[in-house]
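Chemist: Next input, structure requested:
(chains A, B, C and D)
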There are 4 protein chains.
Amino acid sequence: MDTFTVAAPDCEARVRASFAQQGAMHTLGVSIGEVAPGRVVLEMAHTSAFSQQDGFMHAGALATVLDSACGYAAFTLMPADARVLTIEFKINLLAPAHAERYAFEGLVTKPGRTITVCDGTAWGVSGDVRKRIATMTGTMMAVRPVTKGSSER
Amino acid sequence: MDTFTVAAPDCEARVRASFAQQGAMHTLGVSIGEVAPGRVVLEMAHTSAFSQQDGFMHAGALATVLDSACGYAAFTLMPADARVLTIEFKINLLAPAHAERYAFEGLVTKPGRTITVCDGTAWGVSGDVRKRIATMTGTMMAVRPVTKGSSER
Amino acid sequence: MDTFTVAAPDCEARVRASFAQQGAMHTLGVSIGEVAPGRVVLEMAHTSAFSQQDGFMHAGALATVLDSACGYAAFTLMPADARVLTIEFKINLLAPAHAERYAFEGLVTKPGRTITVCDGTAWGVSGDVRKRIATMTGTMMAVRPVTKGSSER
Amino acid sequence: MDTFTVAAPDCEARVRASFAQQGAMHTLGVSIGEVAPGRVVLEMAHTSAFSQQDGFMHAGALATVLDSACGYAAFTLMPADARVLTIEFKINLLAPAHAERYAFEGLVTKPGRTITVCDGTAWGVSGDVRKRIATMTGTMMAVRPVTKGSSER
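Modeler: Residues are numbered from 1 along each chain as shown, chains lettered A, B, ... in the order given. Predicted coordinates:
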C-alpha cells in the first residue's frame, strides 16, 4: 500500500466532524469503520429503505457511501482549512447487493495539491462471507479559502 | 431528438409499477414527472436528509435519482419480460446542489438488445431559474428470463 | 447551445498552434474542422493503421481524437497563458467504427476557472450517412504559470 | 490476486493471434509482455509520434494500449468462439507521461458470461524507476456467434 504525507494533524477528528454534518450518512445509517491517512472505511447495514425494484440496494445508495468514503480518504491528506468536493466519479456494479451489511473502502490513488484521485470498493458481508459488489474511481478537489477572486471550481 | 421503437406497449405503466417498488425513490421523496419512449423525468425537493457536509445535496443522492431516470429510460424500450440492471455509470458534478427542487432527465442515447447507453441531466430549479448541476452517462443491461443456463450478467 | 465568455482573443489561432504540436494528431491524420468558443470539431479518415482485431477503428483511436476535441474546446475559453491537461475521461462505444471518415465534436458543458467539463461525440460518415459511434465526457484542467510553489495538478 | 476459470485452453495463443491483427498496436509499437488467465501486460517505448502538445504521450495513446490490455485480459477467460468488444472505459491521468518506456497491465475485476469488468494501470518506466501514470476501468462484452437473431450489442 502507498504511504502518504498528511498536510494537517488530526485527520480522523476532521473526518469525524465533517461526517457528522452529512445528513445523507445519518439517513442511510452509515458509520465510520476506519480512518487513516489516505484511507477511509464506512459501514452500513442492508435496508429496504434504499432498495431498487428487485430488493437489492440501489446502485445510488452504494454510490453515495463510496463517494463519501473516497471523498474523506482524499480529505485526510488535505490542509486543515480545505473543503473537499467531488468533481466526478464512475461506479461499476459487479454483483447484486443483497448482503446483511456492507463495507465501503476509499483509498487515495494519487494525491495532489488541487486534484486527488481515489479508488473505492464496496463489499457485501453476510456472516463470514465477503464479496466485492462495486468499484468506484472518483476525482476529488480541494477547495481552499480565497482572499481575492472566486472560490468557483 | 431521437425517436425510438418500443418492444412492448404500456411502457409508462411498467415504469410506474417498477418505480413504486424502489424503496430508495420513496425514501428520497422522488416522483415521476414524465415517461415517454426513451425518456424519463423524475423530480425531487431539496432535503437536508440527503445533504453532504456543506448543506448541498449529496452527490450520491443526485446519482441515485439520475441512475433511476436513466435506468427507466432504458426500461421503456425493453420487452415486457425484461428487468433492467445498471452495469456502470459516471456522474460529473457541475455546480453545488442547493436549489428548491430538482429535475432529473434520463435519455436513451443508444438502445440495444442487451446493452442500452443513456445520458442524464440533473437540474436545480429555484423559482423560475433552472440550472444544470450534474450530468451522467450510464450503461444499462436488459436481463431476460432464461430457460437454460444462468441469468448471470 | 450555450454561449460562452472567452478569456483571451484569438482562440482559434491558439488552438491551431497547439494542435500543430500534437504528434498524435499528425500521426493519426487528423485535421481541424471548426473552432469556436467552447466548441471544436476534428476530422479523420478511416485507416487500418489504427484498427482493432476486427478491422474497425480501435476504441483508443476514437478516444484520442475525442480527447483532443474536448481538450481544445476547453482551451478556447482559457486565458492566453494557460495550458490544458486532461484529468480524466470516459468513452462509450455505441457502434462499430467502420465508416469512410469520422467527425469528432468537443463541447464545453461547464467552464470553470480551474476545471472545465466537456462532452464529445464521434460520428462515422459514409457518403451522406452520418451515424453516432461514440460519446465522451471529460474533465479538463487549466494549468497556469506559477510564481511561487508547484505547478503540480 | 483473484484466480479465474478459463473457458477455453490456449488463451495466450488466442491473445497473440488477435493482437497481431490490431493495426493500432503495430503502429504504436506495442509488444506483449505477459499473458495469463485474467491478466495481460503490454509494453511500449516513448515516441513523439503520439505526443500531445507538451511532448508527453497523448492521453489517448495511453488509453489505446490500456484498452487493449483490459480487453485481452477479458478475452483470456472467454470461450474460444467469442469476440471481445469494449462497451466503455474511463481513464484517469495521474502524472505526465514522459518516461523512457511504458507498461500497461489489464486485470479482470469481475468476469461474466456476457459482461466482464477490467481494471488497468499504466506505468512509466525510466531506468529502475517505475511510476503509476494512469488507471482505467473498462467494461468488456463477449460477442458470441448467433444462429438465430442479431449479434447486435
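Chemist: Would you mind writing the CA trace of the longest helix along chain A as CSV?
Modeler: Secondary structure assigned by DSSP state H gives helix A:59-75 as the longest helix of chain A. The C-alpha coordinates for helix A:59-75 follow below in CSV (Å, rounded to 0.1, in the frame of the first residue of the first chain):
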residue,chain,number,x,y,z
ALA,A,59,-26.8,1.4,-7.1
GLY,A,60,-27.2,5.0,-6.0
ALA,A,61,-27.0,4.1,-2.3
LEU,A,62,-23.8,2.2,-2.9
ALA,A,63,-22.5,5.2,-4.9
THR,A,64,-23.4,7.6,-2.1
VAL,A,65,-21.4,5.8,0.6
LEU,A,66,-18.5,5.0,-1.8
ASP,A,67,-18.4,8.7,-2.7
SER,A,68,-18.2,9.7,0.9
ALA,A,69,-15.5,7.0,1.6
CYS,A,70,-13.5,8.3,-1.4
GLY,A,71,-14.0,12.0,-0.5
TYR,A,72,-13.0,11.5,3.1
ALA,A,73,-9.9,9.5,2.1
ALA,A,74,-8.9,12.5,0.0
PHE,A,75,-9.8,14.8,2.9
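Chemist: What are the buried residues along it?
Modeler: For helix A:59-75, a neighbour-count test (16 or more other C-beta atoms under 10 Å in any protein chain shown) marks A:59-75 as buried. The C-beta positions use only the backbone N, C-alpha and C, and glycine is treated the same way.
Chemist: list the contacts for the residue most central in space within chain A?
Modeler: Central residue check for chain A by C-alpha atoms, centre = their mean: the C-alpha nearest the mean position is that of A:Ala69, 1.4 Å away. Taking C-beta atoms under 8 Å, 6 or more residues apart in numbering or on different chains as the criterion, A:Ala69 is in contact with A:Val40, A:Val41, A:Leu42, A:Phe104, A:Glu105, A:Gly106, A:Gly120.
Chemist: repeat for A:Leu28
Modeler: For A:Leu28, the residues meeting the contact criterion (C-beta under 8 Å, 6+ apart) are A:Met44, A:Thr47, A:Phe50, A:Ala61, A:Thr64, A:Val65.
Chemist: Now these in a markdown table, please, with extra columns for distance to C:Phe89 and pLDDT.
Modeler: Compiled in a markdown table, the contacts of A:Leu28 are given as follows (distance: C-beta to C-beta, whole Å; pLDDT from 0 to 100):
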| residue | distance to C:Phe89 | pLDDT |
| --- | --- | --- |
| A:Met44 | 31 | 98 |
| A:Thr47 | 35 | 93 |
| A:Phe50 | 30 | 94 |
| A:Ala61 | 26 | 97 |
| A:Thr64 | 24 | 98 |
| A:Val65 | 25 | 98 |
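Chemist: Report the contact partners of A:Thr27.
Modeler: If you count contacts by C-beta under 8 Å, 6+ apart, then A:Thr27 has B:Thr27, B:Ala49, B:Phe50 around it.
Chemist: Assumed the second one was part of a helix.
Modeler: Yes - assessed by DSSP: H, G, I helix; E, B strand; the rest coil, B:Ala49 belongs to a helix.
Chemist: Quick check on the nearest residue to it once chain neighbours are set aside: phi, psi?
Modeler: Distances taken as C-beta to C-beta, 6 or more residues apart in numbering or on different chains place A:Thr27 nearest to B:Ala49, at 4.7 Å, with adjacent residues excluded. For A:Thr27, the backbone dihedrals (degrees, to the nearest 10) come out as phi -70, psi -40.
Chemist: For A:Thr27, give me the pLDDT.
Modeler: A:Thr27 carries a pLDDT value of 96.
Chemist: next one: A:Lys148
Modeler: We note a pLDDT of 52 for A:Lys148 in this prediction.
Chemist: what ranges of chain A fall below the confidence cut-off?
Modeler: Under the criterion of pLDDT under 70, the regions of chain A flagged as low confidence span A:1-2, A:147-153.
Chemist: Okay, strands next: where are they in it?
Modeler: The residue ranges that make up the strands of chain A, judged by DSSP state E, are A:31-36, A:39-45, A:83-93, A:101-110, A:115-126, A:129-143.
Chemist: quick one: the closest residue to A:Asp54 other than its chain neighbours from B:Val143, how far?
Modeler: If you skip the residues right next to it in sequence, A:Asp54 has B:Arg83 as its closest partner in space, 6.7 Å away by C-beta to C-beta, 6+ apart. Distance check for B:Arg83 against B:Val143: by C-beta to C-beta, to the nearest Å, it reads 5 Å.
Chemist: Got the phi and psi for A:Ala20?
Modeler: Summarising the backbone geometry of A:Ala20 under the convention degrees, to the nearest 10, its torsions are phi -60, psi -20.
Chemist: Determine the number of other residues adjacent to it.
Modeler: Other residues near A:Ala20 number 11, with proximity taken as other C-beta atoms under 10 Å in any protein chain shown.
Chemist: any idea how far it lies from A:Ala13?
Modeler: Between A:Ala20 and A:Ala13 the distance, using C-beta to C-beta, works out to 11 Å.
Chemist: just to revisit the earlier point, just give me the neighbour total for the residue nearest to A:Asp54.
Modeler: Using other C-beta under 10 Å, B:Arg83 is surrounded by 16 other residues.
Chemist: Pull out the buried residues from stretch A:121-130.
Modeler: A:Thr121, A:Ala122, A:Trp123, A:Gly124, A:Val125.
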